[in-house]
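Enquirer: sequence first, then the predicted structure, then my questions.
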Amino acid sequence: MEIFTRPWPWYIGGPLIGLMVPALLILTNKSLGISSSFRHICAACIPGKLDFFRYNWRDHVWSFYFVGGIILGAFIGGVLLANPNPVAISAQTVSELQALGIHDFSGLVPSEIFNLGSLLSLKGFIMICVGGFLVGFGTRYAGGCTSGHTIMGISNLQVPSMVASAAFFIGGIIMTHFLLPYILAL
């Protein structure tokens, strides 16, 4: 059972994700993506309150199972089959992060930034709340999330998905190399 206690290599995980695209299309005529599921959940919870949520969300009830599967899979992979070893990152990345003031590499995300206490600091508020808002806004503005555009859209040769995916990567580079050092210095 060692296969479940260590990270899978890219050549196993990548094709499994890639096979989901044709499986969803062929078996269910559905597109892979998670951002629209949040809209369906909100429409089910607060029906008729806002025009944006006035539609037949019952046509998309399959996405509730999709979200439930993601939550269940995260629990199984992150709690039941958790890898006790720290995330393996290169020595160069470790030294660059230490120069920015990040020293704890024991979890999946740096605890110096992502913890409940940091919400009360300017740095934590920017990273967690403002960053979360920008991701949500960008997802709605782009008409989908990274999984929907990059996995599903590019595989279907959709030009808007190619543009959105390029923008995701450019935004990540700008954040990592230009904005993050200033935010962490706060």
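Expert: Structure's in. What do you need? Numbers count the residues shown, from 1 in each chain.

Enquirer: quick one: residues contacting residue 48.
Expert: Contact analysis of residue 48 by Cβ atoms under 8 Å, 6 or more residues apart in numbering lists residue 54. C-beta coordinates here come from the backbone N, C-alpha and C atoms, glycine included.

Enquirer: from here on, call the first residue 4.
Expert: Happy to do that; since the first residue is 4 now, the last one works out to residue 51.

Enquirer: how about it, secondary structure?
Expert: Following DSSP: H, G, I helix; E, B strand; the rest coil, residue 51 is assigned to coil.

Enquirer: quick check on it: phi, psi?
Expert: When read as degrees, to the nearest 10, the backbone of residue 51 gives phi 80, psi 0.

Enquirer: residue 64 now?
Expert: phi -60, psi -20.

Enquirer: pLDDT wise, what is the most far-flung residue of the chain relative to its centre at?
Expert: Most distant from the centre of the chain: residue 51, at 28.6 Å, with distances by Cα atoms, centre = their mean. Per-residue pLDDT puts residue 51 at 74.

Enquirer: check residue 7 too.
Expert: Per-residue confidence at residue 7 stands at 62 (pLDDT).

Enquirer: kindly report the same for the one 3 residues further on.
Expert: At residue 10 the predicted local confidence, pLDDT, stands at 68.

Enquirer: neighbours of residue 188, how many?
Expert: Neighbourhood size, residue 188 [other Cβ atoms under 10 Å]: 9.

Enquirer: what's the answer for residue 184, then?
Expert: Neighbours around residue 184, by other Cβ under 10 Å: 13.

Enquirer: and it, what does it touch?
Expert: residue 103.

Enquirer: list phi and psi for it.
Expert: Here residue 184 shows phi and psi, under degrees, to the nearest 10, equal to phi -60, psi -30.

Enquirer: quick one: the strands in this protein?
Expert: For the chain, no strands are identified by DSSP state E.

Enquirer: low pLDDT regions in it?
Expert: Where the chain drops to pLDDT under 70, the residues are 4-10.

Enquirer: could you list the domains of it?
Expert: Residue ranges for the domains of the chain, per automatic domain parsing: 4-85, 116-189.

Enquirer: out of the ones you listed, indicate the one that is most buried.
Expert: Among the domains of the chain, domain 116-189 has the highest mean neighbour count (mean count of other Cβ atoms under 10 Å), at a mean of 14.

Enquirer: work out the gap between that one and the centre of the chain.
Expert: 9 Å (Cα atoms, centre = their mean, to the nearest Å).

Enquirer: on that earlier part again, out of the domains of the chain, which is closest to residue 104?
Expert: Minimum separation from residue 104 across the domains of the chain (Cβ to Cβ) falls at domain 116-189, 5.6 Å.
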